[in-house]
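Colleague: coordinates only, sequence not included:
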């Protein structure tokens, strides 16, 4: 099983959300449709702009916690390196 750490953005350089899941397509769909009340629904954060894959949940959770502590500039640099156009990567997932 694979686990994913991901960053959502409201727009380029907008509001960010960092999360972890074992089913990236399902979780992003939940963010996009607002099925779960919370930060992303309140702030319109639904663009998948960055993700990493891990084989173990503890590694993914550890990475998520580190990313959440990163300052904004570091998150922007990571997104720029992974996805320079800040495309919404949701459509590239195997749904």
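Modeller: Nice, thanks for sending it over. Note that the coordinates shown come from a computational prediction; the quantities given were computed from them, not determined experimentally.
Colleague: could you pull out the buried residues of stretch 65-76?
Modeller: 67, 75-76 (16 or more other CB atoms under 10 Å). Backbone N, C-alpha and C define where each C-beta goes, glycine included.
Colleague: so residue 25 belongs to a strand, correct?
Modeller: No. Residue 25 is assigned helix when assessed by DSSP: H, G, I helix; E, B strand; the rest coil, not a strand.
Colleague: make sure I have this right: residue 19 is in a helix.
Modeller: No. Read with three-state DSSP, residue 19 is strand and lies in no helix.
Colleague: give me the three-state assignment for residue 49.
Modeller: Classification of residue 49 by three-state DSSP places it in strand.
Colleague: surely it meets residue 9?
Modeller: Yes. Applying CB atoms under 8 Å, one finds residue 49 in contact with residue 9, separated by 4.8 Å.
Colleague: what's the overlap in contacts for the two?
Modeller: 79, 86 (CB atoms under 8 Å, 6 or more residues apart in numbering).
Colleague: per-residue pLDDT of residue 61, please?
Modeller: Residue 61 carries a pLDDT value of 98.
Colleague: need phi/psi at it.
Modeller: Taking degrees, to the nearest 10, you get phi -60, psi -40 for the backbone angles of residue 61.
Colleague: please apply the same query to residue 23.
Modeller: phi -140, psi 90.
Colleague: again, but for the one 5 residues further on
Modeller: Backbone torsions of residue 28, given as degrees, to the nearest 10, read phi -70, psi -40.
Colleague: right, and it touches residue 48 too?
Modeller: Yes. With contact defined as CB under 8 Å, residue 28 reaches residue 48; the gap is 5.1 Å.
Colleague: okay, and the common contacts of these two?
Modeller: 6, 8, 90, 93.
Colleague: I'd say the first one and residue 23 touch.
Modeller: No. Residue 6 lies out of contact with residue 23 (CB under 8 Å); the separation is 11.3 Å.
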